[in-house]
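**Student:** how would this look folded up:
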Amino acid sequence: MKFNTKTIHGGQKPDEAYGAVMPPIYQTSTYAQSTPGGHKGFEYSRSQNPTRTALENGLASIENGNYGLAFGSGLAAIDAVLKLLKFGDEVITTNDLYGGTYRLFTKIFENYGVKFHFIGMENASNIEAYINENTKLIWVETPTNPMMNIIDIEATAIIAQKHLLMLAVDNTFATPYLQRPLDLGADIVMHSATKYIGGHSDIVLGALVVKDKEIADKLYFIQKASGAICGPMDSFLALRGMKTLHVRMQRHCENGKAVAEYLAKHPKVEKVYWPGFEDHPNHDITKQQMDDFGGMISFVAKGNNYEEAIKIVENLKVFTLAESLGGVESLAGHPASMTHGSIPKAEREKVGVVDSLIRLSVGIEDIDDLLEDLAQALG
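**Tutor:** The predicted structure follows:
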């Protein structure tokens, strides 16, 4: 089954009760049993819910995995992966990382004795210098948030397999429409399904997809024991959003390309970060592991000035100044004060997240309206 068909039919079947084409919203906490332990596969909705199961099956299908798990948020999904570790374990991760992930790693799990190495991963060979007997996990974002750095998943997977490590990839920016990390050797794929999977800025939801049953069983136990699940209504909305992922991503990519090229030529723009440019670091890797370049772009206005960046985002009319990304509507953000505000300024600026950086999530509106909006805001 091809990807565009999988988003609609993958892992799905008509509801057994009445043949409903879309899985019903099973808004229930518990299920009748004929005898203790005698049920129809569902006993309590923290453990399993038919609507959530339908979503999890769909997620597994589009990522070419065998097992999907849905959570109350992307961070809840990351939290579950980190709970596979114990005191003294070490994690190697990128130094250009979503601020919420950085906060979870440093403010929560470091307190429980897990050590993190934040390194540049654009050259995968840098990773091996940080591997020791305590290393258990490599955590990758690609493209990274917000600098759009590209990390070679296949090369990183070879290193992870050589040293018997788990490799987890945050695939939120790319989505399985553009990139399928499990096919490249990753063990775990994570999504903030709040973003492109849901696609309509109306849910908060996270997801994990794996191939290996042993890893899946451990994560299912953590999901059930910790209870950070998503509800049936959000599961339904995420599944509905997933069914149009392929057509939305096509337009996100088309509009993203047009916006990136426009900004690159604008006299008031100093630098544009978008992996579709031939001079973007690891552009060749991008072409190997991604099917297109996506709709996420970051740029710096001329003068590298905080006040100028704030003025631009406040003057946008079609782009909405807001947290998040991946919805049908275009969004603009100021990472230093919004999504990455939890990262110390010195650490942010080492990787390029300066006070003048602006991040765009290019939506699916008419491209002429988006370009006109950027023109007036920059002008």
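**Student:** Over to D234. Which of the three states is it?
**Tutor:** Here D234 is recorded as helix under DSSP: H, G, I helix; E, B strand; the rest coil.
**Student:** got the contact list for it?
**Tutor:** When contacts are counted by C-beta atoms under 8 Å, 6 or more residues apart in numbering, D234 is found next to 203-205. All C-beta atoms are positioned from the backbone trio N, CA, C, and that covers glycine.
**Student:** what's the lowest-mean-pLDDT helix or strand in the chain in contact with?
**Tutor:** Averaged element by element with mean pLDDT, DSSP states H and E, the chain has its least confident helix or strand at helix 345-350 (a mean of 87). With contact meaning C-beta under 8 Å, 6+ apart, helix 345-350 is reached by 95, 118, 335-336, 340, 354.
**Student:** Please report which of those residues has the highest neighbour count.
**Tutor:** Counting neighbours by other C-beta atoms under 10 Å, H340 leads the contacts of helix 345-350 with 26 neighbours.
**Student:** Please tell me how far that one sits from K107.
**Tutor:** Distance of H340 to K107, given as C-beta to C-beta, to the nearest Å: 14 Å.
**Student:** can you check I188 too?
**Tutor:** Computed as C-beta to C-beta, the I188 to K107 distance reads 22 Å.
**Student:** Comparing those two, which residue is more hemmed in?
**Tutor:** Taking neighbours as other C-beta under 10 Å, I188 and K107 compare with I188 leading, 28 against 10.
**Student:** Next up, the contacts around that one.
**Tutor:** Residues near I188 by C-beta under 8 Å, 6+ apart: 81, 166-169, 208-210, 215, 219.
**Student:** Let's see that with 10 Å instead.
**Tutor:** Residues in contact with I188 (C-beta atoms under 10 Å, 6 or more residues apart in numbering) are 65, 69, 77-78, 80-81, 84, 137, 139, 166-170, 181-182, 208-212, 215-216, 219.
**Student:** Mind checking which of those residues are in helices?
**Tutor:** Under the assignment DSSP state H, the contacts of I188 contribute 77-78, 80-81, 215-216, 219 to helices.
**Student:** Please, a PyMOL command that selects the buried ones among the residues you listed?
**Tutor:** Selection of buried members from the ones in helices among the contacts of I188 for PyMOL, criterion 16 or more other C-beta atoms under 10 Å:
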select buried, resi 77+78+80+81+215+216+219
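**Student:** Show the secondary-structure elements that the helix or strand harbouring E154 is packed against.
**Tutor:** Per DSSP states H and E: E154 is located in helix 153-162. For helix 153-162, the packing partners by 3 or more C-beta pairs under 10 Å, 6 or more residues apart in numbering; DSSP states H and E come out as strand 90-94, strand 135-141, strand 166-170, helix 283-289.
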